[in-house]
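In: need a structure here:
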Amino acid sequence: MILNGCDSHHGISMKENEKDLFPRLSELDRQEPIARQVPFKANYHGQELSDSYHWLKDQGYPVVDDIEVLDYLEKENSYFNAFLDPNREFVEKIFQEFKGRSEEAEESVPFEKNGYEYRWFYRPGDEYRTYSRSNLNNNQTQIILDETALAQGYDYFDIGSWRVSPDSNLLAYTYDTEGDERYKLQVIDLRTGKYLVDQLEDVQGELEFGLDGSTIIYARLEADRWHSKNIYVHKLGQNQSKDIEIFYEGDDEYFLGFYLTSDDQYLVLESTQREAQDAFVVPMDDIYSAPIKLVGREEGFTLSIDHAGNHFYILANDSHKNFRLARTHHDRPDQENWQTIEPGSDDNYLMDFQTFKDFMVIKSRQRGIDNISIRSYAGDSHSVTFPEKISTLYIEQNADFQQSFVRLGVQSMITPPMVVDYQIKQKEFIERKTKKIPSGYDKALYRTERLMATARDGTLVPVSLVYKEDIERDGTSPMLLYGYGAYGITVSPTFSTMRLSLLDRGFVYAIAHIRGGSMLGYQWYLDGKLEQRENTFNDFVDVANFLVDQKYTAAGNISIVGRSAGGELMGAAVIQAPHLWRSVNLGVPFVDVLNSMLDASLPLTPPEWKEWGNPIEDKQAFDLLRRYSPYDNITAREYPPMLVSGGLNDPRVTYWEPAKWTAKMRSTKTDNNLLVMRINMGAGHFANTGRFGRLKDYAEEYVFTLLAHNIKQ
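Out: The predicted structure is shown next:
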């Protein structure tokens, strides 16, 4: 690898006085992989689409065994390794920094359930968690699930979920060894440590036991689909083929899911797509009975359900986009009987809640600020006060419906994660755990801010910042800007031990809370989807320009990173404003948006039409996607250095999206800035699953970013 010096003429054109400040990564001293171009044309709405890299999608997908495709991916990985080879010591240094801030023997706060106390912990050196429980009567401790042992021999291993039976004798868990999110389910007898004969195939990650512990509820994946149409009850000891279907969804645009209410009395069945939802409940003591419908699928409608006493409690956006909290007697569940107990409002976005025997806890966001409130069933309520106004708050796992406290999580960009038990009557906190940083951390050395950037249409966009206190706002600081902006998912301002490796080297770290997320409420999400999708990209670029104007950084000194739909954002941002970016990290990037939405054979395409539009049937959607789809808008010009990553088994963003982006970008761009791609040949959307394996992946990404800023140690 060559690092351009101060006299470099490579890269994005910049002012003369900026060249010396911002040397760039250039191509490697070896031949980069060049993918073969094969003409491919298709016509939609009277318009011709040409795609010379269409062949990178293996025609036998989801099986990928085309020798030429695999050879190209391996060559890209070799090219990426050629970039890493002279920088291995730097990668190891960053990895050791990450590792030094991690507890080798970390453990969770325990929770109680049916006479046992459950916790997870890491043994020093282990990649995966071990789960144990202690009998509260005799204090005997038992290992119930050892992920490290289970993961041996696999490049990828993920536990989807696990549950202990109501009688505490059995443990069932789902696991994935490919990264394709097709789980298997197994059951252990905790009295003997032996596995039952039951092994269920092709299940979604979630599961629940029936009340008597002799049945398991699960959703089964179709053979050629990555979402379920059926929810089954499995009788332990019987063949899976004899399982009884209790719910069916015939529409390919809908996803099935299920969960227990907090009091374990009802199973909630959800059939959901991006803009509508069905919701049913089934009494757990009569699991084979016909599901009781609470609400039909209405456009734009979504909800969540819990139960306490004789009432269902429903968080729904039927009367206000920012949701209302309602209740109804469980004998009269129809929507017409719902009574509002907390209305929605423009300034208060109701996000989550959980019921307990004597109270409920509600999480909301008020003008971008997280809030936790406690409400009694008599109607009294109060907000919980935290030391930092701008904090990220969570309702943690609360397994005991009878408990008199609520377990909460709190953190900020400068405050490590803390778990507290909030005592309802006393209105006091009991600190249960604060994340330890063995190598040391002094909060006083860092500062965090929340700013509002003005977008080109006048909209104010929130931005969260963190940096060292001694940083000068003179425009010379390097910046890492992160964004996502899709599905209503908010990138919260959380703490990161890895991020300290950037902050301690002088970086300003920023999160752009752009439209498409829900930082400012549900409308914030709607304003970044479908025909409003380009707001997301414009917001991101406008936030960057705002931060330049405010002298937190300078144009050309900003590295950007995003994953999945955030990878689409990265592609759109680099197409729109390549001059702003020092480097671009596109993780499992959804960059081939138009072609993916035109391919109805992909199992996850029909459900996504409500998010992006259906370009097959709708010419307006076709034109819009063609206008902004990053892959379709690569042109012959200069672009900044890029790191692209993907997973061969990824069912969400298929491997050929990052591969096609890399191939087309490399053959089209006019600069010689570094473009490398890393494809994990044994993983999916979530890449490495081991805790240290993940840190090593991130260390490689950090080194790419640091070298782009000419930081070599």
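
In: just give me the neighbour total for the nearest residue to P343 once chain neighbours are set aside.
Out: Using CB to CB, 6 or more residues apart in numbering and skipping residues adjacent in sequence, the residue nearest P343 is R324, 5.1 Å away. Bear in mind the C-beta positions are built from the backbone N, C-alpha and C, glycine included. R324 is flanked by 20 other residues according to other CB atoms under 10 Å.

In: R627 too?
Out: Neighbourhood size, R627 [other CB under 10 Å]: 12.

In: could you look up the SS state of it?
Out: Under DSSP: H, G, I helix; E, B strand; the rest coil, R627 falls in the helix class.

In: quick one, what contacts it?
Out: By CB atoms under 8 Å, 6 or more residues apart in numbering, the contact set of R627 is E534, N633.

In: mind redoing it with 10 Å?
Out: R533, E534, L594, N633 (CB atoms under 10 Å, 6 or more residues apart in numbering).

In: what pLDDT does the first one get?
Out: Going back to what we said before, that points to R533. Here, the pLDDT recorded for R533 equals 98.

In: now the helices for the stretch 51-200 of the chain?
Out: Taking DSSP state H, counting those that start in this stretch to define them, one finds helices in the stretch 51-200 of the chain at 67-84, 88-100, 147-151.

In: among the contacts of R627, name the buried ones.
Out: R533, L594 (16 or more other CB atoms under 10 Å).

In: quick one: which of the contacts of R627 is nearest L70?
Out: L594 (25.6 Å; CB to CB).

In: just to be sure, the closest one is in a helix?
Out: Yes. Counting by three-state DSSP, L594 is part of a helix.

In: let me have the helices of the stretch 51-200 of the chain in JSON lines, extended by distance to K660 and mean pLDDT.
Out: Formatted as JSON lines, the helices of the stretch 51-200 of the chain follow (distance: least, CB to CB, whole Å; pLDDT from 0 to 100):
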{"stretch": "helix 67-84", "distance to K660": "11", "mean pLDDT": "96"}
{"stretch": "helix 88-100", "distance to K660": "27", "mean pLDDT": "97"}
{"stretch": "helix 147-151", "distance to K660": "32", "mean pLDDT": "96"}
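
In: nearest to S262, of those helices?
Out: Across the helices of the stretch 51-200 of the chain, S262 has its closest neighbour in helix 147-151 (26.5 Å, CB to CB).

In: which ones are touching the residue nearest to P343?
Out: Counted by CB under 10 Å, 6+ apart, R324 has contacts 303, 314-318, 338, 340-345, 350.

In: equivalent analysis for Y639, please.
Out: Counting by CB under 10 Å, 6+ apart, Y639 touches 11-12, 574-575, 578-579, 581, 584, 665, 668-671, 673, 675.

In: swap in 6 Å and give it another go.
Out: Residues in contact with Y639, defined by CB atoms under 6 Å, 6 or more residues apart in numbering, are P578, K669.

In: which of the three states applies to it?
Out: Applying three-state DSSP: Y639 is coil.

In: and what of R694?
Out: Secondary structure, three-state DSSP: R694 is helix.

In: mind checking how far it is from D158?
Out: To D158, R694 is 12 Å away according to CB to CB, to the nearest Å.

In: doesn't N535 belong to a strand?
Out: No. N535: not assigned to a strand; according to three-state DSSP it is helix.

In: measure it to V461 for me?
Out: N535 is 10 Å from V461, where distance means CB to CB.

In: what's the answer for M452, then?
Out: 7 Å.

In: which phi and psi does the closest residue to I575 other than its chain neighbours have?
Out: Distances taken as CB to CB, 6+ apart put N633 closest to I575, at 4.9 Å, once the chain neighbours are dropped. Phi and psi for N633, reported as degrees, to the nearest 10, are phi -120, psi 20.

In: make 51 the starting number, not 1.
Out: Will do, 51 is the new start, and the previous item becomes N683.

In: helix or strand next in line after the lowest-mean-pLDDT helix or strand in the chain, which one?
Out: When the helices and strands of the chain are scored by mean pLDDT, DSSP states H and E, helix 66-69 comes last with a mean of 35. Next helix or strand after helix 66-69 toward the C-terminus (DSSP states H and E): strand 91-94.

In: for that next one, packing partners?
Out: strand 97-100 (3 or more CB pairs under 6 Å, 6 or more residues apart in numbering; DSSP states H and E).

In: any chance you could map the helices in the stretch 451-600 of the chain?
Out: 550-553, 572-576, 584-599.

In: chain center to the second one: distance?
Out: When you say that, I think you mean helix 572-576. Taking the mean of its C-alpha atoms, helix 572-576 sits 18 Å from the chain's own mean (CA atoms, centre = their mean, to the nearest Å).

In: which parts of the stretch 601-750 of the chain are strands?
Out: 608-613, 631-637, 692-697, 725-730 (DSSP state E, counting those that start in this stretch).

In: and the second one, which strands flank it?
Out: In the sheet, strand 631-637 lines up against strand 608-613 (parallel), strand 692-697 (parallel) (DSSP bridges).

In: just the CA atoms of that strand, as CSV, please.
Out: Extracted in CSV, the C-alpha atoms of strand 631-637 (Å, rounded to 0.1, in the frame of the first residue of the first chain):
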residue,chain,number,x,y,z
TRP,A,631,-15.4,12.7,2.4
ARG,A,632,-12.0,11.5,3.3
SER,A,633,-13.0,7.9,3.3
VAL,A,634,-16.2,5.8,3.1
ASN,A,635,-17.0,2.6,4.9
LEU,A,636,-20.0,0.8,3.4
GLY,A,637,-21.0,-2.2,5.5
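
In: counting neighbours, go ahead and name the busier of M502 and V511.
Out: For M502 versus V511, the count of surrounding residues by other CB under 10 Å is larger for V511: 23 against 13.

In: I'd say the more buried one and A503 touch.
Out: Yes. Using CB atoms under 6 Å, V511 makes contact with A503 at a distance of 4.8 Å.

In: who touches both of these two?
Out: Counting by CB under 6 Å, 6+ apart, the residues touching both V511 and A503 are V593.

In: so the chain: which segments form each domain?
Out: Per the record, the chain has its domains at 314-396, 407-487, by automatic domain parsing.

In: so for S158, which of these sits nearest?
Out: Ranking the domains of the chain by proximity to S158 (CB to CB) places domain 407-487 first, at 7.6 Å.

In: start to end distance for the closest one?
Out: For domain 407-487, the first-to-last residue distance is 37 Å (CA to CA, to the nearest Å).

In: kindly report the same for stretch 517-528.
Out: End-to-end for stretch 517-528, by CA to CA: 11 Å.

In: sounds good, over and out.
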